[in-house]
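Trainee: With the sequence up front, the predicted model follows.
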Amino acid sequence: MNAAREQRKAMPDMRVKVNQIVAEGDLVSVYWTASGTNTAAGWGVPATGKSVKVSGMTLFRFERGLIQEEWSVFDQYSIMKQLGLLPAKAKD
C-alpha cells in the first residue's frame, strides 16, 4: 500500500492499463502498462518533469476473496532511463 502511495505521489497523473488477466485457483496474474509524468519527488526518485511508460506483471494470491500476497515485476532500468536518472557513462 505504501508503494502505491509513493508511486501516486511521484506521478499524480499515472494511468494503468490492464492488458491481460489470467486466473487459476487462488492466483490472478495481471499484465499491465503504466504511464505518467514524474512531477513530484517520491518512490525514491526526484521530480524530473519527464513522462514514463512501462509494462509489468503482478501476481496476486487471494484467500476468502481478499488479496493476501502480491508480487510485481517491471523494468526499473527503463523507468530510470526515461527519467534521465542513470549515471553518465565514463569517458575513456
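Mentor: All right, it came through fine.
Trainee: Is the residue nearest to Val30 when sequence neighbours are not counted bridged to anything, and to what?
Mentor: Spatial nearest neighbour of Val30, chain neighbours left out: Thr58 (5.0 Å); criterion: Cβ to Cβ, 6 or more residues apart in numbering. Using the backbone N, CA and C atoms, a C-beta is placed for each residue, glycine as well. Per DSSP bridges, the residues bridged to Thr58 are Val30, Ser72.
Trainee: Counting neighbours, what do you get for Thr58?
Mentor: Neighbourhood size, Thr58 [other Cβ atoms under 10 Å]: 15.
Trainee: contacting residues around it?
Mentor: The contact partners of Thr58, taken as Cβ atoms under 8 Å, 6 or more residues apart in numbering, are 29-30, 32, 70-73.
Trainee: let's see it at 7 Å
Mentor: With contacts taken as Cβ atoms under 7 Å, 6 or more residues apart in numbering, Thr58 has the following neighbours: 30, 32, 70-72.
Trainee: now do Phe74
Mentor: For Phe74, the contacting residues are 54-56, by Cβ under 7 Å, 6+ apart.
Trainee: just Gln68 next, same as before
Mentor: Applying Cβ under 7 Å, 6+ apart to Gln68 gives the contacts 61-62.
Trainee: if we can go back for a sec, can you convert the contacts of Phe74 into JSON lines and add a column each for secondary structure and distance to Lys81?
Mentor: Listed next are these as JSON lines, based on DSSP: H, G, I helix; E, B strand; the rest coil; distance: Cβ to Cβ, whole Å:
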{"residue": "Val54", "secondary structure": "strand", "distance to Lys81": "10"}
{"residue": "Ser55", "secondary structure": "strand", "distance to Lys81": "14"}
{"residue": "Gly56", "secondary structure": "strand", "distance to Lys81": "15"}
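Trainee: For the longest helix seen in the chain, list every residue counted as buried.
Mentor: Determined from DSSP state H, the single longest helix within the chain is helix 2-10. Buried residues in helix 2-10, defined by neighbour count with 16 or more other Cβ atoms under 10 Å: 7, 10.
Trainee: do stretch 47-58 as well
Mentor: Using 16+ other Cβ under 10 Å as the test for burial, stretch 47-58 gives 48, 52, 54, 56.
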